[in-house]
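S.K.: A structural model of the following input is requested.
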Amino acid sequence: MEKLKTIIDSLHSDATCYIVDFLPRKMSGNRFFDLEEYLLKTYIDEFATKISNIVIRLIHYYPSKIFIVEPSKKDDIFYKDYLDKDLRNQPLSVIDSIIRHTIIYDVSSLQILINDSDKLSLMSINGGFSIDFYSDSMEVLELVMILVNNENLYFRKADES
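M.R.: Residues are numbered from 1 along each chain as shown. Now for the predicted structure:
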């Protein structure tokens, strides 16, 4: 598990960060928080389904590993059978359930390592609307852009407005 954390930390610091978002451009301030609060009540289930659809397709194109990171204590019962394990070979219904639970209840983080043979990429599902993608692999990025667009979401560099 320590080796995994080292790989994840390395990707966080070295690879280009992208965001999967419900907004086409960055928004900040009270207008964003008002919108986010509204969407947490009305759209989070649909958003979770869209992210799950992206992940389930993506992990079938490339070898991948899926890990739960830092579950909250109150939620250990939900995650207890999946901690410190690669979840990739779980049934798709289980993977879907874990992704949706993580997003909807904002209780943990999922780290999905994707290997396109010469480069690693990382998708971080951090709960709520926080979905980050770290990669310098053009092949993986092109596929992710297609999958994100197919779900009517937006994909952009983290530092772009």
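S.K.: Can you tell me which helices and strands the longest helix anywhere in the chain packs against?
M.R.: In the chain, with assignment by DSSP state H, the single longest helix is helix 44-61. For helix 44-61, the elements it packs on are strand 64-69, helix 92-105, strand 109-115, strand 120-125, helix 138-150, judged by 3 or more C-beta pairs under 8 Å, 6 or more residues apart in numbering; DSSP states H and E. For every residue, glycine as well, the C-beta is placed using N, CA and C.
S.K.: Comparing the ones you listed, which comes out most buried?
M.R.: strand 120-125 (a mean of 23; mean count of other C-beta atoms under 10 Å).
S.K.: Could you list the paired strands of the helix or strand just after that strand along with their orientation?
M.R.: Helices and strands here follow DSSP states H and E; after strand 120-125, the next one along the chain is strand 131-134. Paired with strand 131-134 in the same sheet, following DSSP bridges, are strand 17-21 (antiparallel), strand 120-125 (antiparallel).
S.K.: Buried by neighbour count: which residues of the lowest-mean-pLDDT helix or strand in the chain qualify?
M.R.: When the helices and strands of the chain are scored by mean pLDDT, DSSP states H and E, helix 76-79 comes last with a mean of 70. Neighbour counts over helix 76-79 (16 or more other C-beta atoms under 10 Å) mark Phe78, Tyr79 as buried.
S.K.: again, but for stretch 127-136
M.R.: Those would be Gly127, Gly128, Phe129, Ile131, Asp132, Phe133, Tyr134, Ser135, for stretch 127-136 by 16+ other C-beta under 10 Å.
S.K.: before we move on, back to that, angle of the longest helix of the chain against strand 109-115?
M.R.: Angle, helix 44-61 to strand 109-115, by axes from the mean of the first three to the mean of the last three C-alpha atoms, to 10 degrees: 30 degrees.
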